[in-house]
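**Q** predicted model, plus sequence, below.
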Amino acid sequence: MQYFQGIKSIKKDVFAQSIHLSVNFSHSVFTRMIFSPAYRWALRTYCVFATAAITMTGCIKDEGTGAVPDRVAPTVSILFPASDITVKTDTSYTLIAAASDNIKVTCVQFYLNGTLASIDSSAPYTYPCQFMNGIGNQILVVLALDADGNIGRSAEIVLYPDGLSLSGIDMVRVPGGSFLMGSELDSSELPIHRVTLSPFRMGKHEVTLEQWNDVHAWGRKNGYTDLNIDTSRIKPFHPIALLSWYDAVKWCNARSEKYGLTPVYYTDSTWTVPYRTGIVVLRNSYVRWNANGFRLPTESEWEFAARGGTLTKHYLFSGSNDLNMVAWNFNNTIERSMPTGLLQPNELGIHDMSGNVTEWCWDFYKRYSAVEQTDPHGPDSTALYYRLLRGGAARGSGEGVREDKVTLCRVAYRGITLGPIARSLFVGFRVVRRGNYDWQ
């Protein structure tokens, strides 16, 4: 590829070469590239290489012999971690890389999410580090430079911080407040009306395959006998999908009971028997709204959090007006979903509320009312029998036009295309809890 050859030929005037590289990567060219699977990886590596072209200036050794320069890039590999892993927060780690070259490796650089984190000029190449609470997922890439200015690159490793919460799900505080819900962009989002919400906490990420499997294994032994979904097509660290609304609700109760919390959903209004199996048409009165367990967000909680809560900057999508900055969508991936937490979060620090997978909410669908509301839970039933979906997805079912798929990712868009027993590769969920508790 032309731009990679440009990087490989960098020698003494690295800064000038990097400027040339940036010009070659004009916005229009880069935008066209992401539609080609052959160039997919450029989306996530351009910033790394462009930064390396500048910051590696001090590492380059002057040849001084007039010899024909070598054009073979160093071979680079990450020894620890050797594959994607979950790392504990507030724990020290030493990342280790190996690099070899037929001339001499002059330095090795460690990058996290495209930002230079450490430089080491002598083997073994190491980077002592510590992952702090709340940092989100990190993409590790290691670059090596030889004496002729050739740059070698390792494969990507994803580091998934764990221990972010007692329950294994990182929850973001969402202070209470009032907002104008809805928009004028679609008739289903009218009328715009004022909603006031109490504080709550929302999952920083969509529920992942690993989190689903952890609760599923516990639930099978503790009364949740039908949490059976096909996970064979869900990749590690991707959001769980192919689950019905009922599956999501029962999983929330199982998660609550696993960690000694009070379940939220019950089989009737007496709140005696937690909802664990089968299909029960849940009414608002069957929900113990003041319980400290996990539950699905209401539609208004979802939209308030997606807008950034009281910190909102009134973006069209959750965290930006640029869809590609915050959402996995038809523009920047050919996958059905991507690992959670890799893109820019919204104003509250919540990831993937636009794109990736569409998310189940609690409410039945009903047209909005102009009446001001406080902590609404939606209707008890509806003729359509649809439970609401929010947030859009990375791909979406069917071909459709691109404008339609962008629309699905707007913070105000109301998805009403699935009944609660339906399953889709493009539908997952995230959880909330009530706000007045001490631990996450």
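**A** Right, received. Where do you want to start?
**Q** only C-alpha atoms from now on, for both contacts and neighbour counts.
**A** Will do.
**Q** and the helices in the stretch 251-400 of the chain?
**A** Secondary structure of the stretch 251-400 of the chain (DSSP state H, counting those that start in this stretch): helices located at 299-306, 323-326.
**Q** now those helices as JSON lines including mean pLDDT?
**A** Output for these, formatted as JSON lines (pLDDT from 0 to 100):
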{"stretch": "helix 299-306", "mean pLDDT": "98"}
{"stretch": "helix 323-326", "mean pLDDT": "94"}
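**Q** just name the most buried of these.
**A** Mean neighbour count (mean count of other Cα atoms under 10 Å) peaks for helix 299-306 among the helices of the stretch 251-400 of the chain, with a mean of 26.
**Q** show me the contact partners of that helix.
**A** Helix 299-306 is contacted by residues 174, 179, 181, 195, 197, 202, 317-319, 346, 348, 350, 353-354, 361-363, 375-378, 388, 390, 411-412 when judged by Cα atoms under 8 Å, 6 or more residues apart in numbering.
**Q** try stretch 88-101
**A** 72-81, 105, 108, 123-133, 142, 144, 146, 161-164.
**Q** tell me the secondary structure at the closest residue to residue 108 other than its chain neighbours.
**A** Nearest in space to residue 108, with sequence neighbours left out and distances taken as Cα to Cα, 6 or more residues apart in numbering, is residue 144 at 4.4 Å. Three-state call for residue 144 (DSSP: H, G, I helix; E, B strand; the rest coil): strand.
**Q** so who does residue 144 touch?
**A** 74-76, 99, 105-109, 151-153.
**Q** partners of it in the sheet?
**A** residue 108, residue 152 (DSSP bridges).
**Q** against residue 71, how distant is it?
**A** For residue 144, the distance to residue 71 equals 14 Å [Cα to Cα, to the nearest Å].
**Q** how about residue 240?
**A** 44 Å.
**Q** between the two, which is the more surrounded one?
**A** residue 240 (29 against 14; other Cα atoms under 10 Å).
**Q** re the thing from before, top of the contacts of residue 144 by number of neighbours, please.
**A** Busiest of those [other Cα under 10 Å] is residue 151, holding 29 neighbours.
**Q** against residue 192, how distant is the closest residue to residue 191 other than its chain neighbours?
**A** Distance criterion Cα to Cα, 6+ apart; nearest residue to residue 191, sequence neighbours excluded, is residue 370 at 5.7 Å. Distance of residue 370 to residue 192, computed by Cα to Cα: 7 Å.
**Q** that older thread, and the contacts of stretch 88-101, which are buried?
**A** Buried members of these, scored by 16 or more other Cα atoms under 10 Å, are 72-78, 80-81, 105, 108, 125-127, 131, 142, 144, 146, 161-164.
**Q** thought residue 271 was touching residue 286?
**A** Yes. Between residue 271 and residue 286 there is a contact at 6.6 Å, judged by Cα atoms under 8 Å.
**Q** more crowded one of the two?
**A** Ranked by neighbour count (other Cα under 10 Å), residue 271 and residue 286 place residue 286 first, with 19 against 16.
**Q** now that one. Nearest residue, chain neighbours left out?
**A** Nearest residue to residue 286 in three dimensions, chain neighbours excluded: residue 269, at 4.4 Å (Cα to Cα, 6+ apart).
**Q** what about the residue lying closest to residue 329 once chain neighbours are set aside, how many neighbours?
**A** Of all residues beyond its chain neighbours, the one nearest residue 329 is residue 394 (3.8 Å), with distances taken as Cα to Cα, 6+ apart. Per other Cα under 10 Å, the neighbour tally for residue 394 reads 28.
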